[in-house]
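Chemist: how would this look folded up:
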Amino acid sequence: MDPSLFGTIIQVESKPNLHEHVLPTTPKRVVSRTYPAVPQDDSIELDSLRSFRNGVNTSAPTTPRTERDLEMSYPGTPVEPLEPVDAVDALPTLNNPPMNKYRLASCCFQTFLGGLTDSAPGALIPYMETHYNIGYAVVSLIFVGNALGFIVAAAFVDKIRQRLGRAKAIAVSMVCIALGFIPLVCAAPFPSIVIAYFFIGFGTAIALAIGNVFCANLQNGTTMLGAMHGSYGIGGTIGPLVATSIVSTGSIWSRYYLLTLGFTLWNLCFSTWSFWDYEKELGEFHALSETTSRGMDQVAGMLLAIKSRVVVLGAVFIFAYQGAEVSISGWVISFLITARNGDPSSVGYVTSGFWAGITLGRFVLSPIGSKVGEKLFVYLLVAGATVFQLLVWLVPNIIGEAVSLAIVGLLLGPIYPCAAALFTRNLSRREQVNGMSIISAFGSSGGAITPFTTGLLAQAAGTFVLHPIAIGSFAIMTLCWFGQPGTRKRTE
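Modeler: Just a heads-up that it's a prediction; the model follows:
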């Protein structure tokens, strides 16, 4: 050792007076400690809790530490960063909240009313033509009025839902439908009938868009949509039976719409009651799983939905689907009367068989679609419907055609709920209402343009044109379904 260094040490140690005992002072604590056995001030603990913001301890000491510091030897509780709320897919169930079962029932009642409304013209068109002294082309304008109502509603349905909430939006839709049925009950001049169908279409579009999104966002959405649209089939089955019974007894065709008007008033009360506290009761689910488009410009929201491949292909798909469905329902009776010499008072019941098939298909076959996979299942259904539609066209037997037509309805029934489930899963939360509104509007447009075109061609060439138009619609459906993206796992 260096002698000078050793001397320095001796000098330092020798400076204090050996007879004076100086106690060392207690060092100040840099980090406060807490012990379970010692009562603590609650304010300290609350302050420490408040100091954690977004997973970061804002009150932590800034004194540098090393890895060998004793304070660093005890692992702290890991704080995970908060995930975005939209990453959690918390879907409500039929019984949670408890009012959901009544809301599903109200959606079923609304589509039941839609079935009563859409299926009746098939049986009533021959009598409307006689009452107003018009032909196929002119009477087909009722389908155009209905479609225009859907198209106009598509631009406003999400804005109405945001401003009023679901309960009041559905109430507005039922009021519009009731206003549309009043001229029909009164057998007003035919231009008023076309305008009445516009109000019916506008109101139905609002209720249908809200109902589709509600059911699709429940657990087992495909099954819930099957129940909702199966109710449409029940209404479609009952409608022609009641309408044919009314007109066959000699009553004027407009008396049928007393039934639909009364049921609309029931829907107005029941649906408004069931959805009244929807946003309040499902607040936690909306906070986790539904991003609303509040603050987004409505036009921008519509443009965003239109740019989606899911919406574009889905709109064309439903356009073709509803075009085929409404054309078959609306014109097959005229085909059986003119091409097969059927009795109007009896063949009117054939349409009920078609809608009964749709009803059975939606209730029984829709759950199979969710198990097999919607993509493959719809291919099989469209292929089968095409085969039996050819039999309706080529077999010159009314009974055989009635059976084949019922099977066509059975196979077409599950297509809409399967497609709606796939579209909703492939759309983001922000796009769902706008996207499904556009798809519904195009569907109603198909349900107007295709029957209207069928009426024009039937006037010129004959009612047989119904069948190639329906088969062509099935081909368009297949192409659009092929281009539809597969189901993705929602990440937003």
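Chemist: now the strands: where do they sit in the stretch 251-400 of the chain?
Modeler: Applying DSSP state E, counting those that start in this stretch to the stretch 251-400 of the chain gives no strands.
Chemist: now the helices for it?
Modeler: Secondary structure of the stretch 251-400 of the chain, counting by DSSP state H, counting those that start in this stretch: helices at 256-274, 278-281, 283-289, 298-306, 309-339, 344-347, 350-360, 366-372, 374-394, 398-412.
Chemist: Ok, which of those helices comes nearest Ser437?
Modeler: For Ser437, the closest of the helices of the stretch 251-400 of the chain is helix 298-306, at 8.1 Å, according to C-beta to C-beta. No exception for glycine: its C-beta is placed from N, CA and C like everyone else's.
Chemist: So for Arg161, which of the helices of the stretch 251-400 of the chain sits nearest?
Modeler: helix 278-281 (10.1 Å).
Chemist: which stretches of the stretch 351-492 of the chain have low pLDDT?
Modeler: 433, 486-492 (pLDDT under 70).
Chemist: The same query, at a cut-off of 80, please.
Modeler: Scanning the stretch 351-492 of the chain for pLDDT under 80 picks out 370, 424, 427-438, 440-445, 447-448, 452, 459, 484-492.
Chemist: and if you look at the stretch 1-150 of the chain?
Modeler: Along the stretch 1-150 of the chain, segments meeting pLDDT under 80 span 1-97, 122-123, 136-137, 140.
Chemist: Not counting sequence-adjacent ones, nearest residue to Ile328?
Modeler: Using C-beta to C-beta, 6 or more residues apart in numbering and skipping residues adjacent in sequence, the residue nearest Ile328 is Ala470, 5.7 Å away.
Chemist: I'd like to know how many residues surround that neighbour.
Modeler: For Ala470, the tally of surrounding residues (other C-beta atoms under 10 Å) stands at 27.
Chemist: Distance check, it against Met99.
Modeler: Distance of Ala470 to Met99, given as C-beta to C-beta, to the nearest Å: 41 Å.
Chemist: repeat for Ile333
Modeler: Separation of Ile333 from Met99 (C-beta to C-beta) stands at 41 Å.
Chemist: higher neighbour count, those two?
Modeler: Neighbours were counted for Ile333 and for Met99 using other C-beta under 10 Å; Ile333 has more, 25 against 18.
Chemist: right, and the more buried one touches Leu124 too?
Modeler: No - with contact defined as C-beta atoms under 8 Å, Ile333 does not reach Leu124; the gap is 9.7 Å.
Chemist: quick one on the thing from earlier: can I get the helices of the stretch 251-400 of the chain in a markdown table including distance to Phe156?
Modeler: Listed next are the helices of the stretch 251-400 of the chain as a markdown table, based on distance: least, C-beta to C-beta, whole Å:
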| stretch | distance to Phe156 |
| --- | --- |
| helix 256-274 | 19 |
| helix 278-281 | 19 |
| helix 283-289 | 21 |
| helix 298-306 | 8 |
| helix 309-339 | 17 |
| helix 344-347 | 40 |
| helix 350-360 | 29 |
| helix 366-372 | 30 |
| helix 374-394 | 30 |
| helix 398-412 | 30 |
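Chemist: Quick one: closest of those to Thr244.
Modeler: Comparing the helices of the stretch 251-400 of the chain by C-beta to C-beta, helix 344-347 comes nearest, at 7.1 Å.
Chemist: Counting neighbours, which bits of the closest one end up buried?
Modeler: Of all the residues in helix 344-347, those buried under the rule 16 or more other C-beta atoms under 10 Å are 344, 347.
Chemist: what packs against that helix?
Modeler: Packing partners of helix 344-347 (3 or more C-beta pairs under 8 Å, 6 or more residues apart in numbering; DSSP states H and E): helix 309-339.
Chemist: roughly how far apart are the nearest residue to Leu360 once chain neighbours are set aside and Phe464?
Modeler: Ranked by C-beta to C-beta, 6+ apart and with sequence neighbours excluded, the top spatial neighbour of Leu360 is Leu410, at 5.8 Å. Using C-beta to C-beta, we find Leu410 at a distance of 23 Å from Phe464.
Chemist: So which of these two has more stuff around it?
Modeler: Using other C-beta under 10 Å as the criterion, Leu410 and Phe464 rank with Leu410 on top: 25 against 14.
Chemist: For the more buried one, which residues are in contact?
Modeler: Contacts for Leu410 (C-beta atoms under 8 Å, 6 or more residues apart in numbering) come out as 357-358, 360-361, 365.
Chemist: out of those, which one sits closest to Ala120?
Modeler: Ile358 (14.9 Å).
Chemist: residues contacting Phe335?
Modeler: With contact set as C-beta under 8 Å, 6+ apart, Phe335 has these partners: 463-464, 466.
Chemist: Just the element for Thr453, please.
Modeler: helix 429-460 (DSSP states H and E).
Chemist: Distance check, Arg255 against Leu124.
Modeler: Distance from Arg255 to Leu124, by C-beta to C-beta: 10 Å.
Chemist: again but with Leu179, I slipped
Modeler: Using C-beta to C-beta, Leu179 is found at 20 Å from Leu124.
Chemist: What of Gly353?
Modeler: Distance from Gly353 to Leu124, by C-beta to C-beta: 17 Å.
Chemist: who has more neighbours, these two?
Modeler: Neighbour totals were compared for Gly353 and Leu124, and Leu124 leads with 27 against 20 (other C-beta under 10 Å).
Chemist: Check what pLDDT the closest residue to that one other than its chain neighbours gets.
Modeler: If you skip the residues right next to it in sequence, Leu124 has Trp253 as its closest partner in space, 4.8 Å away by C-beta to C-beta, 6+ apart. We have a pLDDT of 90 for Trp253.
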